[in-house]
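Trainee: Got a predicted model here, sequence first, then my questions.
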Amino acid sequence: MSSVVAEHDDHHDHGPEKGILRWIFTTNHKDIGTLYLFFALAMFFVGGTMALIIRSELFEPGMQFVEPQFFNSMTTMHALVMVFGAVMPAFVGLANWMIPLMIGAPDMALPRMNNMSFWMLVAGVLLLASTLFMEGGAPASGWTLYPPLVLQTGDALPFAIFSVHMLGISSIMGAINVIVTVFNMRAPGMTLMKMPLFVWTWLITAFLLIAIMPVFAGAVTMLLTDRFFETSFFDAAGGGDPVLYQHIFWFFGHPEVYVMILPTFGVASTIIPVFARKPLFGYTSMVYATSAIAFLSFIVWAHHMFTVGMPIAGELYFMYATMLIAVPTGVKVFNWTATMWKGAMTFETPMLFSIAFVVLFTMGGFTGLMMSVAPSDFQYHDTYFIVAHFHYTLVPASVFILMAAGYFWLPKWTGNMYNERIGRLHFWLSAISVNILFFPQHFLGLAGMPRRIPDYAVQFADWNMISSIGAFIYGFSQLIFVWIVFDTIKGGSGKATDEVWEDARKHSLEWTLPSPTPYHTFEKPPEKIPTEHF
Amino acid sequence: MKMRKQLYSGFALLMLGLNSAQAAYTLNMTKGVTEISRDVYDLHMLILWICVFIGIAVFGTMFYSIFHHRKSKGHKAAQFHENTTVEIVWTIIPSLILIGMAIPATKALVELDDVQEAEMSIKVTGWQWKWEYEYLDNGIRFFSTLDAASNAARQVGSGIDPNSVPNYLLNVDHPLVVPINTKIRFLFTAADVIHSWWVPALGWKKDTNPGFINESWTYVERPGVYRGQCAELCGKDHGFMPIVVIAMEKEEYAQWVAEKQADIAAEAGAAEKEWTAEELMAEGKAVYDSNCSSCHMPDGSGMPGTFPAITDSSVVTGEMDAQIDLMMKGKGMMPAFGSMLGAVDFAAVATYIRNDLGNSVGDSIQPKVIQSLQAEVASDEEDEE
């Protein structure tokens, strides 16, 4: 045994292969993480361009630029690309990079599957994007793909469905990898309750993904057979029920939105203590709150369907269950606040984005609480109020935290510090414009503007114009981040130390490694596990 | 420096937007004109204020901390990371607040669910992209589509300023008329895809699901014109199927019913008479614009891959019987117009598309013929059932 290990040791210093093949065949968790992150960033701009097409058309009343059908394709594809192409892959990229580093493992447990899940994702997203050029256009029924409307899609339907299958398989493989890695590859002494919260939240997210992606795949497969094989799962004329699809979809869809927010919580819980120079407040309650939120996510789905015509017992149950989510979510917000309380805070870009996340995510949480009340939701449902709500929980929450994570770990990944001045400029432009973009949408929704309409009555004109201005400022400010990434890779504003942030070593293992992180790390498990939480 | 300038100009633009906005915008939900809509409004305001209150407490604490507990002010970090009492308190208090919210919410929900003892019933059917209203008590039935002025202005590149169109996108050709101070039960269904019927002033919306019936009710207290829109994405023209409800005094409403019934009788009479080709063509254009143009396009060019063109179509320029049959029974996404259009409108539009929009077949068909065909189709359907 020892001779085998010794022989293996000879190869340890070799770096990555040269050229493009390195990236195609790589099984290295850092390379795959990088691939995921760059892919997600590219898709963020593709989805963002679609959003700007939407906001351009909505800048003024009247139809100026696009046909209504194409507008609907844009709202649909914007959502699908952002959810499945940008936010989810970005978090998978972070998981690939950081989970092994945080638990002291040499790599992910299943490296070849890791490579496959990335390329399957690329294939899936490209297939989805190709539907834009098909006869009849891309799917235009909203990302929820409700029948019977979705069955009116042209040639694109089977391609979109197959793309969903591929994205699902990719996600499931990624999730399996996370679970196997976390359960089997933790360094000695890294007990479950010593894991950084980012690892915890991803572990829980991975279980959600494995539970829900097959459900979504099943739902779209039923659409496929309804359209091509004469079944009538969702057609009343054949004994089916279109509302059945909505139940199945949201059984997937509600946990799905938590798939995007739980790792967000994890990153925030990682960053805030470092810059407050304090341990995270209530580590244990954070773990339990995350688990509680994950559990509740499975039993609240029909709050997306309050107006669909449910029996009153159903309405009441889903209303009460949904209200409950406020309790564990509140615990998290209180814990972050308590972590800052009496700290010695500094406000580098990652911290700025994290604080903005706590504040703006909480606003999204408030509107969420408002919508949990079924009678009020009869007014809010399918208006710009809900558009404002879920964008607050996605853009200044998930996307801000992804940016925070970028600034937080770029020095560790590249060995160079990013340009702090430009970073802060990016933050302030984003934080201000995101509110100009989404806050007026609350007013529009309450005043009666339905969502997913390409044109609107003139009393909605002013707030739409303001929202569109915000959208353009926000969209173009994100280019600053691209500049930051490339500038930092090229050298940024100087070499980063190994610890990068003051006393970061006390919080998590990755800061004990050199900057930039070597191609292979933790071939020998770390000797000391940070115990900052205890 | 350049960045700063851009920022300033951005803000200047914003201020302009805000100033011009003063007159028209609303920021909040409408109180509406029913007891339910007021309950919903009160509930909305209650929870909004709870959120504002919690927000001030949480954000206040956070910003106090951000301001005072910073390293640059020499603040030393405390090292506490747990406090069981505090954690229990901030779990219990929100739970109590939630119970406080759930009680009025449950009350409102139960009230809205009670459709018993309605004095009249209206069946609402969602179509792509129009509403059908059927008064179950007196047999009045009609379709309600976007008004012609809005429809012309909303075409891409129409050049018509939406501000010059009264009630742009919120006006229809035939509004729904209801009496005030009457408990009205609504039955909702759809003919093709799912729609959602929403008039904010009534306080709720309800989805219309094909093959299923949903119920709701209203009791309007004040006469007036209340506008709304379809709220569930239903395809291309989802944004262009508004709802207009006119609530009037009971006597006025009775008068409206009488007039409407007289109109129906007159229409049946009109079908009996002989129509000239010119009369049919004139009538046909209006019918085409409000029923056919959203799919086949105002100029008859259709949408390649989705909606066939009328211009040079082999069906429209071929045997008239085949064209009438297709229009009568529908095909794929095209609804069965036999049961949607009156005999006169049907004959007019059938004649119109053969002799305009780039076609010139030269023949026409009489409403009388259509009437007998419609009767045939109806009896066929009954046989099948």
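Mentor: Looks like it came in fine. Since the structure is predicted, the reported quantities are computational estimates derived from the model, not experimental observations. Numbers count the residues shown, from 1 in each chain, chains lettered A, B, ... in the order given.
Trainee: Show me where chain A dips below the pLDDT cut-off.
Mentor: A:1-14, A:532-534 (pLDDT under 70).
Trainee: Most proximal residue of it with respect to chain B?
Mentor: Closest approach between chain A and chain B, counting by Cβ to the nearest Cβ: A:Ala236, at 2.1 Å. To be clear about C-beta, it is placed using only N, CA and C from the backbone, and glycine gets the same treatment.
Trainee: Who are the contact partners of the closest residue to that residue other than its chain neighbours?
Mentor: With Cβ to Cβ, 6 or more residues apart in numbering or on different chains as the criterion, A:Ala236 has its nearest non-adjacent residue at 2.1 Å, and that residue is B:Gly211. Residues in contact with B:Gly211 (Cβ atoms under 8 Å, 6 or more residues apart in numbering or on different chains) are A:235-237, A:241-242, B:189.
Trainee: distance of the residue of chain A closest to chain B from A:Asp226?
Mentor: The gap separating A:Ala236 from A:Asp226 is 12 Å, by Cβ to Cβ, to the nearest Å.
Trainee: more crowded one of these two?
Mentor: Comparing A:Ala236 with A:Asp226 by other Cβ atoms under 10 Å in any protein chain shown, the one with more neighbours is A:Asp226, at 22 against 17.
Trainee: So the more buried one sits against A:Pro147, correct?
Mentor: Yes. If you go by Cβ atoms under 8 Å, A:Asp226 and A:Pro147 touch, sitting 6.7 Å apart.
Trainee: Between those two, which contacts overlap?
Mentor: Shared contacts of A:Asp226 and A:Pro147, defined by Cβ under 8 Å, 6+ apart, comprise A:234-235.
Trainee: okay, now B:Ile213: neighbour count?
Mentor: Using other Cβ under 10 Å, B:Ile213 has 11 neighbouring residues.
Trainee: residues touching it, list them.
Mentor: If you count contacts by Cβ under 8 Å, 6+ apart, B:Ile213 has them with B:187-189.
Trainee: Same question for A:Ser468.
Mentor: Residues near A:Ser468 by Cβ under 8 Å, 6+ apart: A:55-56, A:58-59.
Trainee: Just the buried ones out of these, please.
Mentor: When those are checked for burial by 16 or more other Cβ atoms under 10 Å in any protein chain shown, the buried set is A:55, A:58-59.
Trainee: Mind checking which of those residues land in strands?
Mentor: Using DSSP state E, no member of the buried ones among the contacts of A:Ser468 falls within strands.
Trainee: Put together CSV for the residues you listed, with distance to chain B on each row.
Mentor: Converted to CSV, those look like this (distance: Cβ to the nearest Cβ, whole Å):
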residue, distance to chain B
A:Arg55, 14
A:Leu58, 11
A:Phe59, 11
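Trainee: Which of the contacts of B:Ile213 ranks first by neighbour count?
Mentor: Of these, with other Cβ under 10 Å as the count, B:Phe188 tops at 23 neighbours.
Trainee: What is the one helix or strand it maps to packed up against?
Mentor: Using DSSP states H and E, the element containing B:Phe188 is strand B:184-190. If contacts are counted by 3 or more Cβ pairs under 8 Å, 6 or more residues apart in numbering or on different chains; DSSP states H and E, strand B:184-190 sits against strand B:120-127, strand B:204-208, strand B:214-218.
Trainee: Buried deepest among the ones you listed, which one?
Mentor: strand B:204-208 (a mean of 26; mean count of other Cβ atoms under 10 Å in any protein chain shown).
Trainee: now A:Arg186: how far from B:Leu98?
Mentor: Following Cβ to Cβ, the distance that separates A:Arg186 from B:Leu98 is 37 Å.
Trainee: Next, the buried residues of stretch A:169-180.
Mentor: Of the residues in stretch A:169-180, A:169-179 count as buried by neighbour count, 16+ other Cβ under 10 Å.
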